[in-house]
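> got a sequence here, can you model it:
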Amino acid sequence: MYISRRSTNAAVPRGGTAAVAPPAIAEELPGPPVFESASAEPEAAAEVTEADAALPEPEAEQTFEEPAYIEPEITAPPVEESVPERLELPAEEPVNEPELPATEYSGGVYISGPEPETVSEEAPQAAAEPVAEEKSEDDYAYDVKSFADNLDVQTEQIRETVRYNDAALVELNIKYPHLEWRRNLFAFPPRPLERINMFYNAAAVGFKKYAQNTLYKLALRDFMGRDAEAGEGFQPYGAVMKFEDTYRRGNLYSAYFDVYEYTGGTHGNTVRRGQAWDLSDGRLLQYGDFLSGSAECRQTVLEAVWAQIERQRADGAAYSPAQFQELRPYFDAAHFYLTDGGYAVYFNLCDVAPYSAGIPVFILPYGSLGACELNPDMAGEK
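Got it, this is the predicted structure:
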């Protein structure tokens, strides 16, 4: 053990440093021993070291690699030649079965329908009725003269009151035709009637929308412009459409519909629209399908109309044109339809006669216009 001794009684001068003598060492001690093992004694450790020095150096550590696994090859045992690879069966002989309709019987199983009743040999089976093939319009066999005889015209109606709160502003009443075949429904093509019905249905729906929007706005403005007593004295506006069929003969059908509007005042206004139809194809016929539109034929038609005006004027009827030339500007070839008595030519309300006279209509008998009639037998025959 290392021990140092220091004098504790030495005086230290003021402002200086005391000289300290080195301690006296009795003997020089060896350094601390180095141990190979914490549990061994010093002497024993030295002896082990000397003994180890005399031993040979240990060989380097050998490493061993694990051999790779090789899967053994397995082969199937050979197949004996005596075993056949495929067993061949003899082909079956075809069985002759009676050929029956597949919809009734097939392979001993009934596909659809009840099982047939057993019929004795004495009673012969009834022959099956032939199934009618679906026909197109070109396959129909009919007499065009029978179209009008099988035509049924029904009346469709729309009635409605357009209101603002509890006040009635527009009264709507629409009547229009709906055409159907009266009998032998499948003997006549349906498409022509569908075209005609679409025309009248579109006219009715269009007039209804016009009353619900345009007339309603006009009526509401008139209603709100009244005094403070909630439109006192307001007369509801009117919108009326009605039709009249005028001709059914052969393959022709003709009608007209009047459109009436009342927007206040003393009376309303009426507009007429005439139509003539070919029932065989649903085509809307025009004035030019019956009468020539040449200047000469127009003159002939107007002269026939003027002759009737002169006769009616002699009987007290009031007409505004004083001369024949004043009639010409009011003639319109679209104002035309068919009647049983002849071609109907009409004028707008108040054009050639007062309002109280209504819509002036002049009937020109079939065959009375000579060469101006393009198909005199088309509408005139019965």
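> break down the chain into its strands, ranges please.
Remark: strands of the chain, listed N- to C-terminal, are 151-164, 167-181, 237-249, 252-262, 269-278, 283-285, 336-338, 343-346, 361-364; assignment by DSSP state E.
> dump the ones you listed to CSV, plus mean pLDDT.
Output for those, formatted as CSV (pLDDT from 0 to 100):
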stretch, mean pLDDT
strand 151-164, 94
strand 167-181, 94
strand 237-249, 95
strand 252-262, 96
strand 269-278, 96
strand 283-285, 95
strand 336-338, 96
strand 343-346, 96
strand 361-364, 96
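> kindly reformat those strands as CSV and extend each row with distance to residue 329 and mean neighbour count.
Where C-beta positions appear, they are placed from N, C-alpha and C, glycine not excepted. Output for the strands of the chain, formatted as CSV (distance: least, CB to CB, whole Å; neighbours: other CB atoms under 10 Å):
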stretch, distance to residue 329, mean neighbour count
strand 151-164, 35, 13
strand 167-181, 32, 18
strand 237-249, 26, 19
strand 252-262, 22, 20
strand 269-278, 18, 19
strand 283-285, 25, 15
strand 336-338, 17, 25
strand 343-346, 15, 22
strand 361-364, 16, 19
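> for this structure, give me the ranges with low pLDDT.
Scanning the chain for pLDDT under 70 picks out 1-145, 183-187, 227-232, 376-382.
> got the domain ranges for it?
With automatic domain parsing as the criterion, the domains of the chain are listed as 138-285, 286-382.
> count of residues packed around the residue lying closest to residue 233 once chain neighbours are set aside?
Leaving aside its sequence neighbours, residue 233 sits nearest to residue 226 (CB to CB, 6 or more residues apart in numbering; 6.8 Å). Residue 226 is surrounded by 12 other residues when neighbours are defined as other CB atoms under 10 Å.
> use 49 as the first number for this chain going forward.
Sure, I'll start numbering at 49, so the last one becomes residue 274.
> ok, now how distant is residue 274 from residue 209?
Relative to residue 209, residue 274 is positioned 19 Å away (criterion: CB to CB, to the nearest Å).
> correct me if wrong: residue 319 contacts residue 396.
Yes: Residue 319 sits in contact with residue 396 when judged by CB atoms under 8 Å, with a separation of 7.3 Å.
> could you measure from the residue lying closest to residue 242 once chain neighbours are set aside over to residue 198?
Closest residue to residue 242 in three dimensions, ignoring its sequence neighbours and counting by CB to CB, 6+ apart: residue 330, at 7.1 Å. Summarising the geometry, the distance separating residue 330 from residue 198, computed by CB to CB, is 15 Å.
> how about residue 342?
Residue 342 sits at a distance of 37 Å from residue 198 (criterion: CB to CB).
> those two - which one has more neighbours?
Between residue 342 and residue 198, counted using other CB under 10 Å, the more crowded position is residue 198 (16 against 11).
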